[in-house]
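Colleague: Structure of the sequence below:
(one chain, ligands or ions: 2)
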Amino acid sequence: MSRTLRARRSCLAVPGSSQKFIDKARGLPADQVFLDLEDACAPLAKPDARKTIVAALNEGGWGEKVRVVRVNDWTTEWTYRDVTEVVEGAGENLDAIMLPKVQTPEQVVALDLLMTQIEKTLGYEVGKIGIEAQIENALGLTNVNAIATASPRVETIIFGPADFMASINMKSLVVGEQPPGYDVGDAYHHILMSILMAARAHDKQAIDGPFLQIRDVEAFQRVAGRSAALGFDGKWVLHPGQIDAANETFSPSQEDYDHAENILDAYEYFTSEAGGRKGSAMLGDEMIDEASRKMALVISGKGRAAGMQRGDKWTPPEA
Ligand code: GLV
Ligand code: MG
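Modeller: Numbering: from 1, shown residues only. Ligands and ions are numbered 1, 2, ... in the order given. Have a look, this model is predicted:
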């Protein structure tokens with residue numbers, strides 16, 4: 001089954017134990033919402049939170065948002081009940097399960113098998129619900145390619161910076177900022193690039209994790225701007241104030257979007273019979289060819305997914 005990848009510029013984290021935050025999240029302009037049963041949900045609150053989440057998904061009102069639930073990881077005792085209660089209770093109103101702290105491809109396979117059994121039992125379409133795999137430690141990163149391909153359900157590979165920093169003993173408490181004492185580059189570059197390469201190699205989306213200083217929107221923009229520049233598709237947001245910044249940072253600028261659409265139109269024309277069957281051609285002062293078309297497709301794809309409208313439109317020269 002081929003999966004349609006939807007816009008995930010802003011992925012809003014909402015504690016599954018808080019009815020108040022869940023109700024508020026419905027009206028916010030995030031592309032994705034994920035209701036959390038893991039670290040934002042205290043152990044004693046987890047059983048009730050499962051029920052709150054099922055009810056919230058079935059009540060609806062989520063508009064076009066991608067609806068995701070983060071379950072607990074397989075090293076806990078909670079995972080199977082998280083999955084069975086949520087998928088049995090709200091499988092028809094759920095787009096994906098997020099699996100945190102994924103370390104091996106087998107952990108994704110185990111989740112896939114469990115979901116398949118529930119879907120068969122309840123008569124749901126098998127494979128419709130996706131998997132989002134969160135990479136949060138060294139073993140997970142080492143296995144990231146195998147994790148990306150462990151199940152056709154996998155839609156995104158997500159960086160979990162807080163757990164990752166803890167797991168590699170990084171000497172810092174400030175998620176997203178460079179660790180003090182490291183002054184020769186970006187300490188996260190290798191991790192981000194490994195996740196991005198695995199995602200791009202296998203047609204998955206690459207998602208950057210949270211930025212915890214929620215009142216500092218400028219710092220959020222700076223950190224989000226880095227992963228967006230590399231090619232990431234979106235980032236977690238923990239607070240309504242981060243949503244617009246994420247949507248803007250992970251969308252192309254209007255100018256780049258118009259330019260990309262114009263490259264696509266012009267290249268289609270110049271390679272056609274009417275345009276002279278050219279392999280390369282001039283668009284204004286710029287030479288464009290097949291590689292330009294591929295780059296333009298990326299920008300236009302992000303712009304279209306974000307619902308952008310074209311401004312400046314290229315027209316073919318008069319015959
Ligand atoms: C998110 O789960 C993180 O650990 O950063
Ligand atoms: Mg985490």
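Colleague: For residue 112, which three-state class applies?
Modeller: The assignment at residue 112 comes out as helix when based on DSSP: H, G, I helix; E, B strand; the rest coil.
Colleague: now do residue 126
Modeller: coil.
Colleague: That one: what's it in contact with?
Modeller: Contacts for residue 126 were tallied using Cβ atoms under 8 Å, 6 or more residues apart in numbering; they are 116, 119, 120. All C-beta atoms are positioned from the backbone trio N, CA, C, and that covers glycine.
Colleague: Distance of the nearest residue to the second one once chain neighbours are set aside relative to residue 193?
Modeller: Read it as residue 119. Residue nearest to residue 119 in three dimensions, not counting chain neighbours: residue 126, with 4.7 Å by Cβ to Cβ, 6 or more residues apart in numbering. According to Cβ to Cβ, to the nearest Å, residue 126 and residue 193 sit 34 Å apart.
Colleague: burial measure for the nearest residue to residue 300 once chain neighbours are set aside, as a count.
Modeller: Spatial nearest neighbour of residue 300, chain neighbours left out: residue 260 (4.3 Å); criterion: Cβ to Cβ, 6+ apart. With neighbours defined by other Cβ atoms under 10 Å, the count for residue 260 comes to 24.
Colleague: so after the helix or strand containing residue 260, what's the next helix or strand?
Modeller: In this structure, residue 260 sits in helix 254-271 according to DSSP states H and E. For helix 254-271, the succeeding helix or strand toward the C-terminus, using DSSP H and E, is strand 281-283.
Colleague: Now do that following strand: which elements does it pack against?
Modeller: With contacts taken as 3 or more Cβ pairs under 8 Å, 6 or more residues apart in numbering; DSSP states H and E, strand 281-283 sits against helix 254-271, strand 286-288.
Colleague: where does the stretch 201-319 of the chain dip in pLDDT?
Modeller: 319 (pLDDT under 70).
Colleague: Around ligand 1, pick out the residues from it.
Modeller: Remark: the part of the stretch 201-319 of the chain in contact with ligand 1 comprises 209, 210, using Cβ under 6 Å from any ligand atom.
Colleague: related to what we said a few turns ago, please work out which of the helices and strands packed on strand 281-283 is packed deepest.
Modeller: Most buried of the helices and strands packed on strand 281-283, by mean neighbour count (mean count of other Cβ atoms under 10 Å): helix 254-271, with a mean of 19.
Colleague: Against which helices or strands is that one packed?
Modeller: strand 281-283, strand 286-288, helix 290-305.
Colleague: Would you mind putting these into a markdown table with distance to ligand 2 alongside?
Modeller: Listed next are the helices and strands packed on helix 254-271 as a markdown table, based on distance: least, Cβ to the ion, whole Å:
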| stretch | distance to ligand 2 |
| --- | --- |
| strand 281-283 | 45 |
| strand 286-288 | 43 |
| helix 290-305 | 26 |
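Colleague: mind checking which of those is nearest residue 180?
Modeller: helix 290-305 (34.3 Å; Cβ to Cβ).
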